[in-house]
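Engineer: from the sequence below, what's the structure:
(2 chains)
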Amino acid sequence: DAGVIQSPRHEVTEMGQEVTLRCKPISGHNSLFWYRQTMMRGLELLIYFNNNVPIDDSGMPEDRFSAKMPNASFSTLKIQPSEPRDSAVYFCASSWSSSYNEQFFGPGTRLTVL
Amino acid sequence: QKEVEQNSGPLSVPEGAIASLNCTYSDRGSQSFFWYRQYSGKSPELIMFIYSNGDKEDGRFTAQLNKASQYVSLLIRDSQPSDSATYLCAGTSGTYKYIFGTGTRLKVLA
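Structural biologist: Model (predicted):
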């Protein structure tokens, strides 16, 4: 079975440009998470979807960030306009919703904003 | 602010020794704890989870939870160079929301 799929794996862009990160969760999972990882702040939850509905977006840094989940097999995280401080690795994870269930992480997208 | 604290390391141990990784948490409502391993440039992968006080063993790994002291640990017996990675501790208060520590980097010296 395929795991969580993310694209692109690497993204280099210039400040002010729009960036779109994509995620395909594991089939059958109904929870999807977007995380950001930096050396300073570690792994931070940005937004959580359950059954395609955004439940908690309190971790989204500011209005420049938005996320959508139009169906059970696809989600996007968009940054517009991007800034150098957005440079990080962005992970998508999915699980069958339960506090005891493992969150499966995708390979991540390494974003560099120049 | 609910927090999970880990020593960033690196923790260096010789091959074959026991590596002890520790984690403290501030939220007394936390019920379940997870240990993830993350190799450099890779994504986190689950090693173990624990939700009851005491020890839980799985192969060379033992997770320990002490809710009174708000302390979680991971012991790796017979450490191998392939265990060299960053280990992330995460807690949840019974919901979807995991609070991750910043991780401890482990180096197993051959």
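Engineer: what parts of chain B come near chain A?
Structural biologist: With C-beta under 8 Å from any C-beta of the partner chain as the criterion, chain B comes near chain A at residues B:31-32, B:34, B:42-46, B:49, B:51, B:88, B:92, B:94-98, B:100-103. (Glycine included, C-beta is placed from N, CA and C.)
Engineer: now the buried members of these.
Structural biologist: When those are checked for burial by 16 or more other C-beta atoms under 10 Å in any protein chain shown, the buried set is B:32, B:34, B:43-44, B:46, B:49, B:51, B:88, B:92, B:96-98, B:100-103.
Engineer: quick one: what helix or strand has the residue nearest in space to the middle of chain A in it?
Structural biologist: With distances taken as C-alpha atoms, centre = their mean, residue A:34 lies nearest the centre of chain A, 3.1 Å away. Under the criterion of DSSP states H and E, residue A:34 resides in strand A:31-38.
Engineer: look up how far residue B:10 lies from residue B:108.
Structural biologist: Remark: distance between residue B:108 and residue B:10 (C-beta to C-beta, to the nearest Å) = 10 Å.
Engineer: compare neighbour counts for the two and give me the winner.
Structural biologist: Neighbour comparison, residue B:108 and residue B:10: the larger count goes to residue B:108, with 20 against 12 (by other C-beta atoms under 10 Å in any protein chain shown).
Engineer: the residue nearest to the centre of chain A is in contact with residue A:25, isn't it?
Structural biologist: No: Residue A:34 lies out of contact with residue A:25 (C-beta atoms under 8 Å); the separation is 11.0 Å.
Engineer: and for these two, which residues touch both?
Structural biologist: Contact with both residue A:34 and residue A:25 is made by residues A:75, A:92, according to C-beta atoms under 8 Å, 6 or more residues apart in numbering or on different chains.
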